[in-house]
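Novice: task: produce atomic coordinates for the following.
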Amino acid sequence: MRFERGELQALVQVIAAGGFQRAADAMGLSQSAVSQAVAGLENKMGTALIQRGRTPTLTRIGRRVYDYAEQMLVAEQQLILDLGHLRKGLQPPLSLAINNFVSHYYAADLFAMCTDDNADIILNSRVLPSRQIISAVLDDQVELGFGPFQTDMLAFEQVALLSVRHSLVIGHSHPDAIAILAGDEQRLANSRLIASYLDEPEQRPGQQRIRDFFATAWQVNSLALRLQLLQRGLGVGFVNRPMLLDQQPGANEETRLAEIKTSRFPGFQRSVGIFYKKQKALTPTAQRFLQLCRQRWL
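Specialist: Presented below is the predicted three-dimensional model:
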């Protein structure tokens, strides 16, 4: 099976523009041509990717193909930009994806170090949920990933820089905060888990997941929003140690987060660092950034 660029672009445009005719206008094509491109992609997949209607929406399989298409088009655009810099004799940009934690605590200092080391550096940085960083690196959207290491990282070279502890926390404004902090695991199980990422059941069939312990779960990729929801008492969630310690002593007690002491969820350590595709020859800019990170932590 081979996907054509025009097919992928048509799928992305139909969803982005909110309709086939609008997509055709944006692409400078006829509506028939756009419809045929999407239909060709659907024929290859053997299933519908878009639910037709006044506002087209993606099917479940369509969402996966859409994500792939978007990644490929972004990677293509990045390649064009990199080649343009190389033709002009300029160094390639530093292209990396970081997660919310790295962005909040370390990115500004690291980027300042980069400019001190090379004032002409060109930076292309994206803040993504941790698991999306893996896809971004694998699909060559970015050269380096900087975030927590996942369980299966066989496709990557890894440079561990620090270890971060995560604890299950609850806001004092949670209606069952007193009981849960006193060890009532039934009240805890009746609560809502607010997480940065929730995998689909088929991704780990037969395995118990943390979310299965709770009555319901929300996926909230934004760290700032997740913290606000926890502070308002809308659920419980895992927070890393630096963020827990960052709470100001004088802050409103109702908005403060407290660590839940439970044998079921004792917390966990996670390594955080730089990773990139195995056997990939890093650009001089990426090599220098990696060296700066080693100087900072190792």
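Novice: quick one: least confident helix or strand in this structure?
Specialist: Taking mean pLDDT, DSSP states H and E as the measure, helix 60-87 is the helix or strand of the chain with the lowest mean score, a mean of 78.
Novice: tell me what it is packed against?
Specialist: helix 5-17, helix 31-45, helix 130-138 (3 or more C-beta pairs under 8 Å, 6 or more residues apart in numbering; DSSP states H and E). For the C-beta atoms, the positions are set from N, CA and C on the backbone; glycine is no exception.
Novice: can you add mean pLDDT and distance to residue 279 and give these back as a markdown table?
Specialist: Output for the helices and strands packed on helix 60-87, formatted as a markdown table (pLDDT from 0 to 100; distance: least, C-beta to C-beta, whole Å):
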| stretch | mean pLDDT | distance to residue 279 |
| --- | --- | --- |
| helix 5-17 | 90 | 26 |
| helix 31-45 | 91 | 30 |
| helix 130-138 | 89 | 13 |
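Novice: can you add distance to residue 167 and mean neighbour count and give these back as JSON lines?
Specialist: Converted to JSON lines, those look like this (distance: least, C-beta to C-beta, whole Å; neighbours: other C-beta atoms under 10 Å):
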{"stretch": "helix 5-17", "distance to residue 167": "38", "mean neighbour count": "20"}
{"stretch": "helix 31-45", "distance to residue 167": "42", "mean neighbour count": "17"}
{"stretch": "helix 130-138", "distance to residue 167": "17", "mean neighbour count": "20"}
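Novice: need the ones you listed in TSV with distance to residue 161, can you?
Specialist: As requested, the helices and strands packed on helix 60-87 are exported to TSV (distance: least, C-beta to C-beta, whole Å):
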stretch	distance to residue 161
helix 5-17	35
helix 31-45	40
helix 130-138	15
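Novice: pLDDT on the helix or strand sitting right after the least confident helix or strand of the chain along the chain, on average?
Specialist: Following helix 60-87 in sequence order, the next helix or strand is strand 94-98 (DSSP states H and E). What strand 94-98 shows for mean pLDDT is 92.
Novice: could you pull out the helices for this structure?
Specialist: If DSSP state H is used as the criterion, the helices of the chain fall at 5-17, 20-27, 31-45, 60-87, 100-102, 108-117, 130-138, 177-181, 185-189, 223-231, 241-245, 284-297.
Novice: pick the most buried one from those.
Specialist: Among these, helix 100-102 has the highest mean neighbour count (mean count of other C-beta atoms under 10 Å), at a mean of 22.
Novice: just checking, what packs against that helix?
Specialist: Looks like helix 100-102 contacts strand 144-148, helix 223-231 (3+ C-beta pairs under 8 Å, 6+ apart).
Novice: need the least confident one among the ones you listed, by mean pLDDT.
Specialist: Mean pLDDT per stretch puts helix 223-231 lowest among those, at a mean of 92.
Novice: so, low pLDDT: which residues of the protein?
Specialist: Under the criterion pLDDT under 70, the flagged ranges of the chain are 78, 81-82, 85-91, 199-208, 248-251.
Novice: nearest residue to the middle of it?
Specialist: residue 129 (1.9 Å; C-alpha atoms, centre = their mean).
Novice: and it, its phi and psi?
Specialist: Main-chain torsions, residue 129, degrees, to the nearest 10: phi -60, psi 150.
Novice: would you agree it is in contact with residue 220?
Specialist: No. Residue 129 lies out of contact with residue 220 (C-beta atoms under 8 Å); the separation is 9.9 Å.
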